[in-house]
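[1] Sequence plus the predicted model coming up.
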Amino acid sequence: MTTVLEWTGKTAAFELGRRLVDGAEAEPRRDGAEREPVPRLVDGDPEREGRLGDGRPHLRDADGTVHVPDPHENLLVIGDNLPALTALLATHRRQVKVVYIDPPYNTGNAHTYKDHGHDHASWLSFMTPRLLLARELMREDGVLFLHLDDKESAWAQLLGHEIFGEDNSLGTLIHQRAKGGGNARSFVRGHDYVHVWARDASQVGPFLTEKKSPAKLEVIDGRRMLVETDVLRAGFGRYARGSERRLMYEDIVAVKGEGKLAEVDAKLASGEYILRPWGTEGKHAVVRVTPAEKASSKLYSIIKALGGQNDLEPLGLAGVFSYPKPVELVKALVASQTFFDPDAIVLDFFAGSGTTAQAVMAANERDQGSRSFVLVQTPEPLRSKTARAVVVGGGAELTGGAGANGQAAEGADGTGGATAAGDAEFPTISELTAERIRRAADAHSPGLIFTQLEVVDGEQRPAAT
Ligand SMILES: C[S@@+](CC[C@H](N)C(=O)[O-])C[C@H]1O[C@@H](n2cnc3c(N)ncnc32)[C@H](O)[C@@H]1O
């Protein structure tokens, strides 16, 4: 492939990424040589800040004990995603089916990406080692969704081609996130891009979506089936609230005649329909069951999903985080590649408000799956002043200017912000992430267990107990 993307710092960024991918390997090198220690990154700039530490990044729990997670454990890792991804190599190398990331363009913490106006070079240097690590964590049939707006999209696309190989680019989806309105300079922007790459495109199956969303998935006799319980109606038109509109099997002849009964019986015999006890009169509903694999269609490249704030509201977290992505969108992306893979591992290392965890829970709720999530988020403060400006100003556009958020965000930044209430409750974004996971679990997956860990960037490794 011809390399078309050059920037200052590119070589160092790739070298750092490759060294982390290679150096974190638990086993000794095949050639018997000693491994170099993993460089310790302090400030997201490999050239200035990459330093060698004595140990390898690792994860520890709240007691400070080293924690070696099971790959299928739900995890929230708190800390910079560079050492976090490096630490995860020990347990998750080639294990992750879906990576979804929505990286920032500006943050204000030493361990997070700092925007320097439109300095694409810094952004590319920040993303490069992280994408190399993500690729290493992906299964052979793994896919990565990179969600971006206009600002970095073109650059990111070329970077992705270089990291994954252009042949492994699966295309770009459009996320329609708004409709109409807005105080736009040139035109009203209502969409973002989701670039998609595979580790190996030849291993990746079609991206699927449900054909009929009102139906439910159930496991019947060990097979995953789409179940429709109201295929036979007693009549047309409106029904009084609470009244039964289904035509029970026992009433078919009286309402529709012998011919209809023969038709239904034939479908019962072929297995297309089954009977299910319904109501209190000992009657049966006629239920259509369709094998799940026949009930899907290919994902359309334009996905409309408005307002991630609407997802936070029912959780009592409205306005606490600026520009969360919609659960519906991330759920559609996750489900598209895990339609027949309900045990898959999903990774989001720019977790923000934790949308991806909720999307995984929602996908599991739909098909009784047991997908797990791995989220990474820095303990960055929620920046209340900017967010308050957004809230007071009506919420549509963040024109920043002051402080760390010196860039118009138009839905792209999403790097946090708090109302006064949010501030009090969640001093850091990672605390909000954890609380959102807890609240989403109450709604979708009561009893869900997730492990909250902290990443230690090498140096002193306490003894594992
Ligand atoms: C655009 S937001 C993601 C929003 C998320 N998709 C949601 O729906 O809530 C990006 C997030 O990445 C976090 N972040 C930035 N640099 C990071 C780093 N080096 N390690 C971990 N998280 C980081 C920011 O704090 C922010 O919460």
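    All right, it came through fine.
[2] Show me which positions of the helix or strand containing V253 end up buried.
    V253 is part of helix 252-256, with elements assigned from DSSP states H and E. Buried positions in helix 252-256, judged by neighbour count with 16 or more other Cβ atoms under 10 Å: 252, 256. In this view, the C-beta of every residue, glycine as well, is placed from N, C-alpha and C.
[3] now stretch 376-383
    Buried residues in stretch 376-383, defined by neighbour count with 16+ other Cβ under 10 Å: 376-383.
[4] try stretch 258-277
    264, 273-274.
[5] Of all the strand elements in this protein, which one is longest?
    Longest among the strand segments of the chain by residue count, using DSSP state E, is strand 138-148.
[6] what about the spatially closest residue to P103 that is not a sequence neighbour, distance to the ligand?
    Once flanking residues are discounted, P103 sits nearest to F350: 4.9 Å by Cβ to Cβ, 6 or more residues apart in numbering. As judged by Cβ to the nearest ligand atom, to the nearest Å, F350 and the ligand stand 3 Å apart.
[7] F350 touches Y100, doesn't it?
    No: with contact defined as Cβ atoms under 8 Å, F350 does not reach Y100; the gap is 9.1 Å.
[8] which of these two has more neighbours?
    When neighbours are counted by other Cβ atoms under 10 Å, F350 and Y100 differ, and Y100 comes out ahead with 26 against 22.
[9] who does that one bridge with?
    When bridges are called by DSSP bridges, Y100 pairs up with F145.
[10] can you pull the contacts of it?
    Residues near Y100 by Cβ atoms under 8 Å, 6 or more residues apart in numbering: 144-145, 147, 330, 333-334, 346-348, 356, 359.
[11] again, only using 7 Å
    Neighbouring residues of Y100 by Cβ atoms under 7 Å, 6 or more residues apart in numbering: 145, 330, 333-334, 346, 348, 356.
[12] Quick check on Y300: phi, psi?
    Dihedral angles of Y300 (phi, psi; degrees, to the nearest 10) stand at phi -80, psi 150.
[13] How about it: what's its closest non-neighbour residue?
    Nearest one to Y300, counting by Cβ to Cβ, 6+ apart, is T209 at 7.5 Å.
[14] How about G279?
    Using Cβ to Cβ, 6+ apart, the closest residue to G279 is E244 (6.6 Å).
[15] tell me which element the spatially most central residue of the chain is part of?
    Taking Cα atoms, centre = their mean, the centroid of the chain lies closest to T356, which sits 3.5 Å from it. Assessed by DSSP H and E, T356 sits inside helix 355-367.
[16] Dump that helix to PDB, restricted to CA.
    Extracted as PDB, the C-alpha positions of helix 355-367 are listed here (Å, rounded to 0.1, in the frame of the first residue of the first chain):
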ATOM      1  CA  THR A 355     -23.100   4.500  26.500                       C
ATOM      2  CA  THR A 356     -21.400   1.400  25.100                       C
ATOM      3  CA  ALA A 357     -21.900  -0.600  28.400                       C
ATOM      4  CA  GLN A 358     -25.700   0.300  28.200                       C
ATOM      5  CA  ALA A 359     -25.700  -0.700  24.500                       C
ATOM      6  CA  VAL A 360     -24.200  -4.100  25.300                       C
ATOM      7  CA  MET A 361     -26.800  -4.600  28.100                       C
ATOM      8  CA  ALA A 362     -29.600  -3.600  25.700                       C
ATOM      9  CA  ALA A 363     -28.300  -6.000  23.000                       C
ATOM     10  CA  ASN A 364     -28.200  -8.800  25.600                       C
ATOM     11  CA  GLU A 365     -31.700  -8.000  26.800                       C
ATOM     12  CA  ARG A 366     -33.100  -8.400  23.300                       C
ATOM     13  CA  ASP A 367     -31.700 -11.800  22.700                       C
END
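[17] returning to what we had before: the residue nearest to the centre of the chain touches K331, doesn't it?
    No: in this structure, T356 is not within contact of K331 by Cβ atoms under 7 Å, at 9.2 Å.
[18] if we can go back for a sec, ok, the residue nearest to the centre of the chain - contacts?
    So T356 contacts 100, 330, 346, 348, 373, 375 (Cβ under 7 Å, 6+ apart).
[19] Could you rerun that using 10 Å?
    By Cβ atoms under 10 Å, 6 or more residues apart in numbering, T356 lies in contact with 98-102, 145, 325, 327, 330-331, 333-334, 346-350, 373-375, 433, 437.
[20] What distance do you get for it to the ligand?
    Per Cβ to the nearest ligand atom, T356 is found 7 Å from the ligand.
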